[in-house]
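J.: curious how this folds, go ahead:
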Amino acid sequence: MLGNVTDSLLVAGSIATDHLMTFKGRFADSLVPDQLQKISLSFLVDDLEIRRGGVGPNICFGLGQLGLNPVLVGAAGEDFADYRSWLTRHGVNCEFVRISESRHTARFVSTSDDSLAQIASFYAGAMSEARFIELQPIVDQIGPPGFVLIGADDPDAMLRHTTECRQRGFQFIADPSQQLAFAQGDLIRELIDGASILFSNEYESHMIEQKTGWSTEDVLSRVGTQVTTLGKDGVRVRQAGADDIVVQACVGVTAVEPTGVGDAFRAGFIAGVTWGLSLEQACQVGCVLAAYVVETIGTQEYSFTATSFVDRLRASYGDASADAISSHVKSSTVR
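T.: The predicted structure is shown next:
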């Protein structure tokens, strides 16, 4: 059993905002092929959306919506004040977020044109200071953690948190996601080995095997449970010596925008395991929460009532699952 509802839930991961702009035209029409080495372009955009993001807050927000009180572990700038207020109102403990004295909160800035081509930049900023965060002083104040989720963040921070979890005996969940594309095999092996749960999507699971040189069986010998999201086909759970558990995606989903869907699934799955549900039922909670995200624009713009959540779960997975889960789900309300 991984933790219980009385344990603290530490979620370490990037804290960022997304600044998304749209250009009514095509970038290609402004490019001069034989002058690309001297490129200097400016585009007048029609709109700007600023969205809250980062895997740490996204997962914490989902846990808060389900009535838990996760602890966000990460680094941000002094411009984090409004974001902090938002998360706090939605059940997230931001007391231990490190605030940089010199850097802004990490920021993704992107402009897309009518052909869906994209020019983007990512400013890591304060995220690089997450490597200075030690977990034990946090645990000393809030109590032993049911788990520590270590999501995509500054690579040195991810390695430090993972190493500390092993040394201190904290159960940890490995969720390297976006960092897999940049990490070498040695780092990936360090981030995964000994995890209670390993999260990835299907493509990332193959990348893990390719970069580490481990087979599927090797991975399962080093982690307690491997949870692999399969997009519209749902999710697969594997454990050494056991049959695979495959849970189909929630029914009746009208997809609008996929950003943050994986983070929402993780939040739902973690909530289910924390409540003491079976792995299959935890997947079902994750799939329903993910459905709310994919149907909205933005990673933290969804809401639901306890009744609507359970009704949606019942429609997808039947009465037995809905009845087992109904007593745990709290209404999604601003605190």
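J.: from here on, contacts and neighbour counts on C-alpha atoms
T.: OK.
J.: for the protein, what spans make up the helices?
T.: With helices called from DSSP state H, the chain shows them at 55-65, 81-89, 136-142, 155-168, 185-192, 202-212, 216-222, 261-274, 279-294, 306-317, 319-326.
J.: how far away is the closest residue in space to residue 44 that isn't next to it in sequence from residue 97?
T.: Leaving aside its chain neighbours, residue 44 sits nearest to residue 23 (6.6 Å; criterion: CA to CA, 6 or more residues apart in numbering). Going from residue 23 to residue 97 by CA to CA, to the nearest Å gives 35 Å.
J.: now residue 147
T.: For residue 147, the distance to residue 97 - CA to CA - is 18 Å.
J.: hmm, who's touching the helix or strand bottoming out on mean pLDDT in the chain?
T.: Lowest by mean pLDDT, DSSP states H and E among the helices and strands of the chain is strand 118-123, with a mean of 86. Around strand 118-123, the neighbours that count as contacts under CA atoms under 8 Å, 6 or more residues apart in numbering are 106-112.
J.: which ones among those residues map onto strands?
T.: Counting by DSSP state E, those place 106-112 in strands.
J.: can you say which of these are buried?
T.: 106-108, 110-112 (16 or more other CA atoms under 10 Å).
J.: would CSV of the helices of the chain with mean pLDDT and distance to residue 12 be doable?
T.: Output for the helices of the chain, formatted as CSV (pLDDT from 0 to 100; distance: least, CA to CA, whole Å):
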stretch, mean pLDDT, distance to residue 12
helix 55-65, 96, 6
helix 81-89, 97, 15
helix 136-142, 96, 12
helix 155-168, 97, 8
helix 185-192, 97, 13
helix 202-212, 96, 20
helix 216-222, 97, 21
helix 261-274, 96, 13
helix 279-294, 96, 19
helix 306-317, 96, 27
helix 319-326, 94, 26
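J.: how about the contacts made by residue 96?
T.: Residue 96 touches 71-74, 138, counting by CA under 8 Å, 6+ apart.
J.: pull the distance from stretch 318-335 to the chain's centre.
T.: Offset of stretch 318-335 from its chain centre (CA atoms, centre = their mean, to the nearest Å): 21 Å.
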